[in-house]
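In: heads up, no residue letters with this:
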């Protein structure tokens, strides 16, 4: 049957004696090769005073290592036509380069060099402080960022998910170079990393290179258990933000299961029923969501009847219990009371009756076909293999897909009733304030 | 010959009797996907006076429901086929495209034909899009980045120029749009003569042509749409505009001016000038000098928009208000340098080889490669253009870049816009800092 599962490429997986997990997925016809290093460190590993450290280290790993001076990492990759970047999440940090396949040796050398020996000099750490401030400030101009940050801050009082990977402003101001180096040396190393190499290359020769260049690194890098356990939400928490913006915005969050919780597949089904898509099985190059979903419940309840200009749900399984969110941007003149009541009515209906048979069939179609081309190209393949390696063992993607397809209406209804318990949620509203000084065209 | 037939850098083209240009590009090796796009002369340059926003609204409403399918049925069919539909409206043209597994090319192409030839323009969809447009108007006015760019274009282009505006119209003009306006605009601009159907697929051109004959037998209009009169960018004297926007955290800076169209023989030289200034990822001067060396901003880059009838360049950065003045001065200085000084040969070689080396990355997926084909089709580039692109770039000297860039990146005629929380910014220096 076509489209029953993402067509993941054949991959060889092994672990080096120093603990580095390696995934090699060659595809001879590819004109490019892509190297990804995923570290199991993200903002979940930070603590007050060092929030934003994982993201700051991400910036610093481009600022010099023994064999690549400042600026030479960018230069080495971009000069040959390659591209490189990195991103930091709550649970992991990923670094990647894609290059013309003949140049694969370059990113491999860079990643081996900076895995345990990045320089993080005082001078560069200080200089980067303003860049990170600026990145945060740019985000703060967007109401959506402010709402998201407030939502997690309200929902979590103990667990590190309560701050954004960008870190708190105060910590960005005060974090010292010593503290940042200590953080780096504690968490970064082969024991805490997965190396993924995809694209046009000969596997045996690259395997030899990987074994020799990464195999000599010390067995360092910790993935400590996060000790803070967030107690269940008992009651509603809410906040209202005001600032420049377009129309009012609301986001509601419910505590969602961790990735390996048996409730996760049914929660994904609810995400697709409400919002029309799951980030995990869509054809995007990363995990971005696509366009509008007129067949989804939120769209039909909010956008169709002119209450909102957009509405979405979001559930991305994380290592620890996190949030299932629903958000909507009001149409002009519609109050957030009305929007919120409509969202609650919809999730309540789902909790009482579950999805319809037609909706469930739609969900199955979407997850089957949505990721059919997710392994097109070396870069996407590297992303996807690495991302799923952060979530579970080899084969986890297929296991999860199978479990999602096995969710029936009763299981989805039961899950909705557990998830959307009235009075156990977090609500953040954003009310635009201030005048618009638009002068028209 | 077989290698040529499978090279995604070579596309083939034919013009049908009704004037429709069909372009076929081979899918990249190993790709299991395809992409198809119809490009029409339906940009906002064709908005009737008083109906500004019509092109964008038509482009957004059209793909909602088409043929036998309402919006829900159409979305379900796309999901069933594993495809996705995209639309894009620009000053000169509008595009609607479909992509998905190669095994579903025929039904997905049929769906594209429905959207292009038989859009339903349902009243509900029009109202939904209208509401979304109203929200976008507010977003454009309240986000410092959008606001700065809009102010810049207003200063660079004269009234009536399609490049002067974002195409969204305003509340009044969008409120005025009726279903009949949308239908009429679609009928007038969905044309075979002047339209392009571009496919990235492993199928042959003949095969593509057969599918096109069956699925796109005739268009609402076979007549070419006349080009609107587009006044050239004015060359105002250097000007600075401050747009105070309270309660924001970041200040957005834009410096820019007019640029020649894509067909101008200076395009390769200007392309390289932009790559050196702020286009080439991480190696460019703005990124290096503003972010990497001085740590003054998170983003600093430049763009060159070279379209059919004209274009513009802009250099941009975002930073905290207390650093805005320093960043404006640095960006302005880099603009001045690119127009007045020779680019050192080593720097030029590095940027040029990076651009050339990037070509394989543009061919990773059918969707990636497709962008080259659409660009080539729209601008009438030769079938070998992308294969010859490296040689074309290598033929450009540092001197030629300075000669091309001098009149374009001219601080005496550049506009500077600073939008964000108010810290006064001193006038842009005209000399080196």
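Out: Thanks, I have it. Computed from a prediction, not measured in an experiment: that's the story for all the values here.

In: Nearest to chain B within chain A, name that residue for me.
Out: Closest to chain B within chain A is residue A:81: 2.1 Å, counting by CB to the nearest CB. Every C-beta, even on glycine, is put in place using the N, C-alpha and C of the backbone.

In: Apart from its chain neighbours, what residue comes closest to that residue?
Out: Nearest residue to residue A:81, sequence neighbours excluded (CB to CB, 6 or more residues apart in numbering or on different chains): residue B:357, at 2.1 Å.

In: where does the residue of chain A closest to chain B fall, phi/psi-wise?
Out: Backbone torsions for residue A:81, taken as degrees, to the nearest 10, come to phi 90, psi 10.

In: Surely it and residue B:355 touch.
Out: Yes. Shown here, residue A:81 and residue B:355 form a contact pair, counting by CB atoms under 8 Å, at 7.3 Å.

In: Would you quantify the distance from the residue of chain A closest to chain B to residue A:102?
Out: Using CB to CB, to the nearest Å, we find residue A:81 at a distance of 10 Å from residue A:102.

In: before we move on, back to that, now do the residue of chain A closest to chain B against residue B:311, distance only.
Out: Per CB to CB, residue A:81 is found 25 Å from residue B:311.

In: same question, residue A:297
Out: The value you get for residue A:297 to residue B:311, if CB to CB is used, is 44 Å.

In: Repeat that for residue A:25.
Out: According to CB to CB, residue A:25 and residue B:311 sit 41 Å apart.

In: so who does residue A:384 touch?
Out: Residues in contact with residue A:384 (CB atoms under 8 Å, 6 or more residues apart in numbering or on different chains) are A:6, A:8, A:374, A:375, A:397.

In: change it to 6 Å
Out: residue A:374 (CB atoms under 6 Å, 6 or more residues apart in numbering or on different chains).

In: where does it land in three-state SS?
Out: Recorded secondary structure, residue A:384: helix (DSSP: H, G, I helix; E, B strand; the rest coil).

In: next one: residue B:247
Out: Put simply, residue B:247 is coil when judged by three-state DSSP.

In: Now do the phi/psi pair for it.
Out: Backbone torsions for residue B:247, taken as degrees, to the nearest 10, come to phi 70, psi 20.

In: isn't it right up against residue A:245?
Out: No. Residue B:247 lies out of contact with residue A:245 (CB atoms under 6 Å); the separation is 9.9 Å.

In: Neighbour count for the two, which is higher?
Out: Neighbour tally, residue B:247 and residue A:245, criterion other CB atoms under 10 Å in any protein chain shown: the higher count belongs to residue A:245, 25 against 12.

In: Double-check residue A:311 against residue A:328; I have them as touching.
Out: Yes. Assessed by CB under 6 Å, residue A:311 is found in contact with residue A:328 at 4.1 Å.

In: The stretch 151-300 of chain A against chain B: which residues are in contact?
Out: Within the stretch 151-300 of chain A, the positions adjacent to chain B are A:243, A:244, A:246, A:247, A:294, A:295 by CB under 6 Å from any CB of the partner chain.

In: picking up where we left off before, so which of residue A:81 and residue A:102 has more stuff around it?
Out: When residue A:81 and residue A:102 are compared on other CB under 10 Å, the one with more neighbours turns out to be residue A:81, at 21 against 15.

In: Next up, the contacts around the more buried one.
Out: The contact partners of residue A:81, by CB under 6 Å, 6+ apart, come to A:100, B:354, B:357, B:358.

In: hmm, 10 Å instead?
Out: Contact analysis of residue A:81 by CB atoms under 10 Å, 6 or more residues apart in numbering or on different chains lists A:32, A:98-100, A:103, B:353-362.

In: so what sits against both of residue A:311 and residue A:328?
Out: Residues touching both residue A:311 and residue A:328 by CB under 10 Å, 6+ apart: A:250, A:298, A:301, A:302, A:303, A:339, A:342, A:343.
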